[in-house]
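Q: Got a sequence here, can you build the structure:
(4 chains)
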Amino acid sequence: MNPVNYLYLAALLFTIGAAGVLIRRNAIVVFMCIELMLNACNLALVAFSRMHGNLDGQIIAFFTMVVAAAEVVVGLAIIVSLFRSRHSASVDDASLMKL
Amino acid sequence: MSFPLLTATAALPALGAIATAAVPAGRRTAAKWLALLVSLGTLVLAAVIAVRFEPGGDRYQLTESHAWIADFGVRYELGVDGIAVALIALTAVLIPVIILAGWHDADPLETDSQRWRPTQGFFALILSVEAMVILSFEATDVFLFYILFEAMLIPMYFLIGGFGDRAAPARQGAAATGGGEENAAAQRSYAAVKFLLYNLAGGLIMLAAVIGLYVVAGNFSLTEIAEARANGTLEMATNTERLLFLGFFFAFAVKAPLWPLHTWLPNAMGESTAPVAVLITAVVDKVGTFAMLRFCLGLFPEASEWATPVILALALISIVYGALLAVGQRDIKRLIAYASISHFGFIIMGIFAMTTQGQAGATLYMVNHGISTAALMLVAGFLISRRGSRLIADYGGVQKVAPILAGTFLIGGLATLSLPGLAPFVSEFLVLVGTFARYPVVGVIATLGIVLAALYTLVLYQRTMTGPVKEEVRTLPDLRLRELVVVTPLIALLIFLGVYPKPLTDIVNPAVEHTMSDVQKKDPQPEVEAAK
Amino acid sequence: MDNAENLIALLVAAPLLGAAVLLVGGRRLDRTGHWIGTALAAVSFVVAVVLFADMLGRPGDDRTLYQHLFSWIPVGGFQADIAFQLDQLSMTFVLLITGVGSLIHLYSVGYMEHDERRRRFFGYLNLFLAAMLLLVLADNYLLLYVGWEGVGLASYLLIGFWQHKPSAATAAKKAFLVNRVGDMGLSIAIMLMFTTFGTFAFGPVLGATGETSEGTLTALGLLLLLAACGKSAQVPLQSWLGDAMEGPTPVSALIHAATMVTAGVYLITRSGAIFNAAPDAQLAVVTVGAVTLLFGAIVGCAKDDIKKALAGSTMSQIGYMILAAGLGPIGYAFAIMHLVTHGFFKAGLFLGAGSVMHGMNDEVDMRKYGGLRKYMPITFVTFGLGYLAIIGFPGLSGFFSKDKIIEAAFAKGGTEGWILGGAALLGAAITAFYMTRVMLMTFFGEKRWQPDDKGELPHPHESPRTMTIPMIVLAFGSVFAGGLFSWHESFVKWLEPVTSFEHGHSPLSAATVTTATVAVMVLGVALAYLQYGRRPVPVTPPRGSLLTRAARRDLLQDDFNHVVLVRGGEHLTRSLVYVDHSLVDGVVNGTAASFGGLSGRLRKLQNGYARTYAVTMFGGTAVLIAATLLMRAV
Amino acid sequence: MSTTAVHSLWTTAAEPLDKIPAPHIEYAQLAPTLIVVGAAILGVLVEAFVPRKSRHYTQVFLAVVALTAAFAAVVGLAVGGYGTTKAHIAAMGAIAVDGPALFLQGTILLASLVAVFTFAERRLDPAAHGKRVDSFAAQAASVPGSDSEKAAVKAGFTTTEVFPLALFAVAGMLVFPAANDLLTLFIALEVFSLPLYLLCALARRKRLMSQEAAVKYFLLGAFSSAFLLFGIALLYGYAGSVSYARIADVVDGTVQTIDPALAGTMGNDALLLIGGALILTGMLFKVGAVPFHMWTPDVYQGAPTPITGFMAAATKVAAFGALLRLLYVVLPGLRWDWRPVMWAIAIVTMLGGAIVAITQTDIKRLLAYSSIAHAGFILAGVIAVTPDGVSSVLFYLLAYSFVTIGAFAVVTLVRDAGGEATHLSKWAGLGRRSPLVAAVFAVFLLAFAGIPLTSGFSGKFAVFRAAAEGGAGALVVVGVISSAIAAFFYIRVIVLMFFSEPKPEGPTVAVPSPLTTTTIAVGVAVTLVLGVAPQYFLDLAGQASVFVR
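A: Residues are numbered from 1 along each chain as shown, chains lettered A, B, ... in the order given. Here you go, the predicted structure:
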């Protein structure tokens, strides 16, 4: 199959993720959408890696996964602490600071 | 390497400022005396400059030059021509007077905390202004000048905003009138901010032009650039030159100030104490007109000529408009401020008339206007401090209770209306003649200014000093010794320079010749000789 | 006496020193001040006499002395010097100024006796003398201008001497301002001279009139005329003189009758060369003169205030002089001659008036005088002689000088000649009328004295010696000066080297003119007698004819000024203040405010919702990408 | 880890397994980073093993020593000529050791050092239960206002983890501007972002705001890094490599061997352009340029002030360093595409920051917006694609970072019952209460405003000059205009401090320990030195202005 299609898919996933970030209120969901975006990147990387016939893309994908994991740790920590102090994980509730 | 006289003259007040600021809170009087002595020392150094300066000699003398910011093509270059010497002398003379006049203006209030030391700050700021002004007169490096031109705004800003006089303010026109220390403070900081923003805006526009100049010329040395332009090694596209000129001129026109960029001056002079007002109009604003003469004409001769018609028109408007507004004022200080606007119109007109008489006259005008305004404004300040009001209407018949005060006030006023025999007449007439020689119509219209000047001065004098004695002024004391000491030298100078201005003209003339050659202009020949 | 020129400076220096000493000296001089002032004035007079004697000792064409003190304003081609020139013309003035001046100093000693600021008064008087002498001694127009404004200042200070009176302060201000308008003319004239001749010293300028266009000269002439109008209270700048009577009477006598107001005549005569070459300018001059001499005379008829009446007459008499000066070489000498005689008798009249007021608790309204001749005989006699002189009673000073002018006016020739001559004659008639009126209302008729504000009737008495002596001396002048001057045309001959002189060719014989003059004079006197001698004078002024009422108000000229200039000016300034505050300043504040508003609106975007921020980021990225792609596409 | 190395591993898999060619790493030249990382790891161990009461001092000591040593190492390298003649690519193409890298690393290290002093400050907050406390939460995990929090406070807990976290962040920042391939770039970004997210959440007072700031920062940061990563993917797809040099060659079309795949992707400029744009987005987010700036005010306000100062200074330096390298090394061939865009962004950033700041009422938000405006000014310098451009930006960053840290340090001093009094109205009359502090803050504000004789002016002049020489005269004009606007609000604060009457219930100025004092003193000193005699540092930046490829 034409590798370009994988890229289309990646772009699609990326956009879906972005859209999710923009429209979902729940911090956790938003965060998952971001993860989705990262994974879209991974797909693209792997596809390109295949096209160019070198491993760089795949290596980066691995790194990305690690980074994503780290982000989960940090992110969940923050979101949970926020949730515990506000009893809500809605991003929109967290708007003390504005203007 | 001879003794760096110019640096010393600027450094002394700078160090003095630091020392004064360091005086502990308790020792107020010590700070005052220190400041006074330092300013007098500066006066001595300035006198030395004036003596060491040879009118016949090089264009820039006592020069100093050191590497500074090579990366920006900036050098620490100093040098004085006759014009600079005259203005340095003016500054050095006025500052002690101002300090003495403002002796009690910054005494702390009971409400102030112990660590707040307004007095030390006041005199330190004045000295720092003196240092920067003097150095800016000496700078022959555009960048160095620009830096000082901008930096001196800060102390001025604190002087205006921090030390308004304690009189209940009286705002002009539709604006809300009303007393109260609160309101006063509000208007004071309004005036201060207005002053700073106006001048900062001007300065930033100039910054763009300065950068542009660097891009074109590659360095900032006034002498080098002028040379390069003269011998054609430095070409400037007409439009580039004009844009750069405008950038510079705008800043100077704000500072001078030229109509319609003048509106900060009445507020600033109205809200600040008389000595600070004098500092603004008599000393700091002179940097603007001086810079027009030295930098606008020196760096951009063609553009200057190109812009002359418009500038003359604006100057003319300033003259008449300022005078008319002065007539319409109800507040003594604002009246004097508008009068100054009118006078700055004359100075700028003289500079851009591009004749020897015009430019020499303009230079003398800077000096004389400094002295005369100082005299008038300071006496007005003494009056206001006695009665606690700036409204003309609150006075009347002062002449009867305080004849000496009234007399000095009258002399200041007569100087302002440039009565022959007093210094301002010489300069004003030179400016008029110089302008008339090249632009007769402009000269004639400008002459209206002398009638209007008589009008606002005499109206002011009549309303405040003559007529039946008002109840509130019946108890006003006459001038005290300190105040007499302040006024006497000014009046003496006014008379001396009015009768025998030759010492001044001797210094100034050669410098003016140079400027004329910068712009490659010759005085128009008299009709009769032209006919021959 | 060789190098007498070194004395010239002394003429100016003496009174100047006096002024300085008296004004700076302070209270400790209060007791002696007036004598110091008088003495220094006298010194200057003595010097003048010495120089005069010296001058007579030399041939007519070699009588001019020069003294160069120092270079004043040297800038490029502009070379102004402090230098004096003493020729017959200035000599005449110097003598008049110092002579009359000293007398009036003396008079003031008595007149100002009870004023606690007498020292200051004498200081101002000395200042005036110095300035006036500078004016007539200057050898260039710029220095003349200095004196010109100097006398203006002195007059300002002296008119407003009683500053606590608002009317006085206002009058002083008005005088200065109106004069400034005239000064504008002079200063512009000087500029024009500089651009035309490259100098403004008398010699070079007046010598080079041939080398420039008539247009320039006409312009110069008109500008100088403007200056003269201001200083000499000629129409249209005459309005200040009447109010100037607010000043102490000696001031009116010295400044506003004898000397300062005649400076205009001096200026025109001095600049004769310019006017001779500019007929149009001359025409303007004679017109102004003729109009003013009638104007002043008419005003003089209507005033009940004795000083204002005399002021009107001064205006009118100076009108004669200006007229004469405008006639050119046929008139200059007579202008100056009338100026001198007028200096004597008008000063005399004013001092007389002062003496009367002195006796009448400073009452100035003639309707409240009457029958005073018995009570102050000396005043009456001296005043009477002055009166006879001014109406041109044959044999007295005024007769000779005025008669010559009228003759010269006719000699102008053509219709102009007739008109001017006619005007001059008419003026003579009216002069006789109003002066007789003054005479009758003051010294004859029954007493119409009114109690003053303190409610006590005045006790008229003769004035002290210090006041009467000057009056007597001046009376002598009013009687004999004219005769002396016209003795073998001595005065004309004396001035000729400076002003040049030629006999006019009058269409009427001298005899005819003289008889006509005398005739109209008698007529005027007769009319006045019928009006004020036969019938009792009402204390409250009658409503009077339209003309009378107009004349009382200076022919409405003041009202015109008030409406047009004062009111108009006030409106202009008020509206400008508004403009400055709302427009010029408004623009700036508006800009600031608009930035504030913009800021406020942009701020709203920062609404605290993370997702909004994400949207902006996303949008930003989209735009960024689109832009980059577009860049490439284009 | 270099990708070419990986490639070789893959192709040589046939070889016997006992021979694994070890990658060649120049440890000496990576010393600064390694020292910091090592110290960070040590810090974690300290948390684990050192008893609580001595942790604070140990951590502070460790951090200070580490940063100083790292800085010494940087200086050593610079003196060793690695900034100029010996500049080259280290760690098998992963990291560049050259002038800009060293200059920026030096700046970051110094900035972090003085910032760490403010972290360690324990005199400002009133002692809780007789124990000195710093400005970080006693126990970040405990719910605000809960009993556990009270207990933690009572027990005198302090979050000494801030120091290792900060060190990790610093390590990432050191690598970020030196990264020479996209992978390293991405990793470095994450390495310094993640600790910062956490640090933001650690405020002792106003914890809700602090947490909110953390969340916002985290979500938006992750969002932007996703964009960055996608950009990386596309660029990799375009060039078939992530090493800067290689990509640059491909962009310039100067590659020797072109395999068919590469030929295919090379033809597709969309990949290149979109990828470039996405990477720019990621950078501009960190820089805080409009329209990617919106996190800045909230995060600056919510984060503990010492962290804000650290972030505002060090992050900007690192991000701009990376941006410079990206634009000057990777995408110079694309200049004609990105310059117009950057023009637009610079303009909106300068104006936007300045204008919105006018109406701010909270000092920290005010400084946030001013930092946005300054980002705009720096971008003006970035756009001039000349060595002068680079040096001017380097100089500006140096000047700016110290002013910023100093300013925020002063903010920590002005306190009332609720902790720091950041609302402007509370600053009224400060000049009369404590003239010295007010004067110092005024100096910083004047520097921000770019008044001559302060570092702000020298920096502004440098970048504007570079921009003008680079042919961006219009940008300079916009710059001065927005400076004029910006001046307005700086002056507003000065007016407030000096010309308005102090409020009776106004805040007090806490007397700091030598630590914060040092920070502020250094800030003032640098501000004035760079303002009056900047020549030496300009030379330094000038020598350091050449990127190695």
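Q: okay, and for the chain, where does confidence drop off?
A: Just so you know, I chose chain A. Scanning chain A with the threshold set as pLDDT under 70 gives A:1.
Q: looking at chain C here, not the other one
A: In the predicted model, chain C carries pLDDT under 70 at residues C:1-2.
Q: Check it for its longest helix and report it.
A: helix C:166-197 (DSSP state H).
Q: just checking, what packs against that helix?
A: Applying 3 or more C-beta pairs under 8 Å, 6 or more residues apart in numbering or on different chains; DSSP states H and E, one finds that helix C:166-197 makes contact with helix B:423-438, helix B:440-465, helix B:527-531, helix C:141-159, helix C:202-207, helix C:214-231, helix C:239-244. (Each C-beta comes from the backbone N, C-alpha and C, glycine too.)
Q: Which residues are in contact with C:Phe491?
A: For C:Phe491, the residues meeting the contact criterion (C-beta atoms under 8 Å, 6 or more residues apart in numbering or on different chains) are C:Ala333, C:Ile336, C:Met337, C:Val340, C:Phe485.
Q: biggest separation within these, which pair?
A: In terms of C-beta to C-beta, the contacts of C:Phe491 reach their longest pairwise distance at C:Ala333 and C:Val340, which sit 10.8 Å apart.
Q: the more surrounded of the two?
A: Under the neighbour definition other C-beta atoms under 10 Å in any protein chain shown, C:Ala333 and C:Val340 were set side by side, and C:Ala333 has more, 27 against 23.
Q: Once you drop chain neighbours, what's closest to that one?
A: The shortest distance from C:Ala333 to any residue that is not its chain neighbour, by C-beta to C-beta, 6 or more residues apart in numbering or on different chains, is 4.4 Å, and that residue is C:Val492.
Q: could I have the strand or helix carrying the one you found exported to PDB, CA atoms only?
A: C:Val492 belongs to helix C:490-499 when elements are defined using DSSP states H and E. Listed next in PDB are the C-alpha coordinates belonging to helix C:490-499 (Å, rounded to 0.1, in the frame of the first residue of the first chain):
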ATOM      1  CA  SER C 490      17.300 133.100  12.900                       C
ATOM      2  CA  PHE C 491      15.800 129.700  13.700                       C
ATOM      3  CA  VAL C 492      15.400 128.600  10.100                       C
ATOM      4  CA  LYS C 493      19.000 129.600   9.400                       C
ATOM      5  CA  TRP C 494      20.100 127.700  12.500                       C
ATOM      6  CA  LEU C 495      18.400 124.500  11.400                       C
ATOM      7  CA  GLU C 496      19.000 124.800   7.600                       C
ATOM      8  CA  PRO C 497      22.300 122.800   7.600                       C
ATOM      9  CA  VAL C 498      20.500 119.800   9.000                       C
ATOM     10  CA  THR C 499      17.000 120.000   7.600                       C
END
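Q: Downstream of that helix, the next helix or strand is which one?
A: Tracing the chain C-terminally past helix C:490-499 and defining elements by DSSP H and E, one meets helix C:510-528 next.
Q: coming back round to it: make CSV out of the helices and strands packed on helix C:166-197 and add distance to C:Leu605 and mean neighbour count.
A: Formatted as CSV, the helices and strands packed on helix C:166-197 follow (distance: least, C-beta to C-beta, whole Å; neighbours: other C-beta atoms under 10 Å in any protein chain shown):
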stretch, distance to C:Leu605, mean neighbour count
helix B:423-438, 55, 28
helix B:440-465, 51, 22
helix B:527-531, 69, 14
helix C:141-159, 66, 26
helix C:202-207, 75, 16
helix C:214-231, 68, 23
helix C:239-244, 68, 25
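Q: could those helices be laid out in JSON lines, adding distance to chain D?
A: Converted to JSON lines, those look like this (distance: least, C-beta to the nearest C-beta, whole Å):
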{"stretch": "helix B:423-438", "distance to chain D": "32"}
{"stretch": "helix B:440-465", "distance to chain D": "30"}
{"stretch": "helix B:527-531", "distance to chain D": "45"}
{"stretch": "helix C:141-159", "distance to chain D": "44"}
{"stretch": "helix C:202-207", "distance to chain D": "53"}
{"stretch": "helix C:214-231", "distance to chain D": "48"}
{"stretch": "helix C:239-244", "distance to chain D": "49"}
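Q: Compare the ones you listed and give me the one nearest chain A.
A: helix B:440-465 (49.3 Å; C-beta to the nearest C-beta).
Q: any residue of the closest one up close to chain C?
A: Yes - looking at helix B:440-465 against chain C by C-beta under 8 Å from any C-beta of the partner chain, the contacts come from B:440, B:443-444, B:447-448, B:450-451, B:454-455, B:458-459, B:462, B:465.
Q: I'd like to check the angle between that helix and helix C:166-197, please.
A: On the basis of axes from the mean of the first three to the mean of the last three C-alpha atoms, to 10 degrees, helix B:440-465 is oriented at 160 degrees to helix C:166-197.
Q: helix or strand for D:Ala69, which one?
A: Short version: D:Ala69 belongs to helix D:52-79, going by DSSP H and E.
Q: again with C:Phe84
A: Per DSSP H and E: C:Phe84 is located in strand C:78-86.
Q: Downstream of that strand, the next helix or strand is which one?
A: As the chain continues past strand C:78-86, the following element, by DSSP H and E, is helix C:88-111.
Q: Can you work out which other helices and strands pack against whichever helix or strand comes after that next one?
A: Counting by DSSP H and E, the element after helix C:88-111 in chain order, helix or strand, is helix C:118-137. Other helices and strands packing on helix C:118-137, by 3+ C-beta pairs under 8 Å, 6+ apart, are helix C:8-25, helix C:33-56, strand C:78-86, helix C:88-111, helix C:141-159, helix C:263-270.
Q: excluding its backbone neighbours, what's nearest D:Ala368?
A: Excluding the flanking residues, the one nearest D:Ala368 by C-beta to C-beta, 6+ apart is D:Tyr300, at 3.7 Å.
Q: Scan chain B for its longest strand.
A: Taking DSSP state E as the criterion, chain B has its longest strand at strand B:61-69.
Q: ok, residues contacting the strand holding C:Phe84?
A: Residues lying outside strand C:78-86 but in contact with it, judged by C-beta under 8 Å, 6+ apart, are B:356-357, B:430, B:433, B:499, C:5, C:8-9, C:12, C:51, C:55, C:64-74, C:94, C:137-140, C:142-143, C:194, C:199-202.
Q: Let's see the PyMOL selection covering just the buried ones among the residues you listed.
A: One line in PyMOL is enough to select the buried ones among the contacts of strand C:78-86; burial here means 16 or more other C-beta atoms under 10 Å in any protein chain shown:
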select buried, (chain B and resi 356+357+430+433+499) or (chain C and resi 5+8+9+12+51+55+64+65+67+72+73+74+94+137+138+139+140+142+143+194+199+200+201+202)
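Q: how near is D:Thr265 to chain C?
A: Distance of D:Thr265 to chain C, given as C-beta to the nearest C-beta, to the nearest Å: 16 Å.
Q: And B:Val487, by the same measure?
A: Note on B:Val487: its distance to chain C, by C-beta to the nearest C-beta, is 13 Å.
Q: Just name the shakiest helix or strand of chain D by mean pLDDT.
A: helix D:3-11 (a mean of 49; mean pLDDT, DSSP states H and E).
Q: Output the below-cut-off pLDDT ranges for the stretch 101-250 of chain B.
A: Using pLDDT under 70 as the threshold, the predicted model of the stretch 101-250 of chain B has low-confidence ranges B:110-116, B:165-182.
Q: roughly how far out does the host helix or strand of B:Ile225 sit from the chain middle?
A: The secondary structure element spanning B:Ile225 is helix B:222-230 (assigned by DSSP H and E). Taking the mean C-alpha point of helix B:222-230 and that of its whole chain, the gap between them comes to 28 Å (C-alpha atoms, centre = their mean, to the nearest Å).
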